[in-house]
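Peer 1: Please find the sequence and the predicted model below.
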Amino acid sequence: MLNSRLFAVALCLALPAAAQAGDDDGPGKAGLGLAGLLSASNKEDLPPITLSAGMPLADAPWVLKSGTYYEFEIQGDGSQELALTGAEFFRAVWIDEIVVEGLEIRPLGLDSIEFDEAGEMEIGFIALKPGNYHLKVPGSTGDTQRLEITIQ
């Protein structure tokens with residue numbers, strides 16, 4: 001409990017300084033700006049995840065950088081009722097929003113999602129806790145039904 005409190009205090013102290021500091025990516029590169037970690041210069045799009053019977057979830061594992069804002073789509077084709085679980089991953093990130101058919105959801109946490117029919121959702125999050133994680137179709141055993149994720 002004490003370690004998580006210390007981490008929270010350190011994060012609160014470090015974020016304003018990080019938002020004002022310039023990037024190390026080269027001369028003339030602007031810092032994060034007033035929105036801090038949510039600034040457009042800190043955002044990356046990830047390849048979509050596909051939920052389809054017998055099809056791989058993704059083409060390749062994801063390698064993420066802690067402190068970066070990411071967005072990705074989950075596309076379900078309706079071929080089968082499919083879920084995606086990954087409680088450990090969802091606890092290692094801060095979810096900004098989930099968008100489903102133009103409706104924005106701002107959850108406090110997430111354990112899994114499920115598609116009963118065809119549809120799309122977009123998830124925006126900031127990677128926080130370094131480590132190795134995964135998202136997978138529950139009950140599946142094949143490697144193609146699992147997306148390996150590393151947060152550096």
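Peer 2: Arrived safely.
Peer 1: Leu135 contacts Ile123, doesn't it?
Peer 2: No: between Leu135 and Ile123 there is no contact under Cβ atoms under 8 Å: 10.5 Å. C-betas here are computed from N, CA, C, even on glycine.
Peer 1: mind showing which ranges of the chain have poor pLDDT?
Peer 2: Across the chain, the stretches falling below the confidence threshold (pLDDT under 70) are 1-30.
Peer 1: Do a quick rundown of the strands in it.
Peer 2: 43-45, 49-51, 62-64, 69-76, 82-85, 93-100, 103-105, 112-115, 119-127, 131-136, 146-151 (DSSP state E).
Peer 1: quick one: contacts of the fourth one?
Peer 2: Just to be clear, that refers to strand 69-76. Residues outside strand 69-76 that contact it (Cβ atoms under 8 Å, 6 or more residues apart in numbering) are 37-39, 42-52, 64, 82, 84, 96, 113, 115, 117-127.
Peer 1: Setting aside sequence neighbours, what's the nearest residue to the spatially most central residue of the chain?
Peer 2: In the chain, the C-alpha nearest the mean C-alpha coordinate belongs to Phe125, at 4.5 Å (Cα atoms, centre = their mean). The spatial neighbour of Phe125 that comes closest, neighbours along the chain excluded (Cβ to Cβ, 6 or more residues apart in numbering), is Val93 at 4.3 Å.
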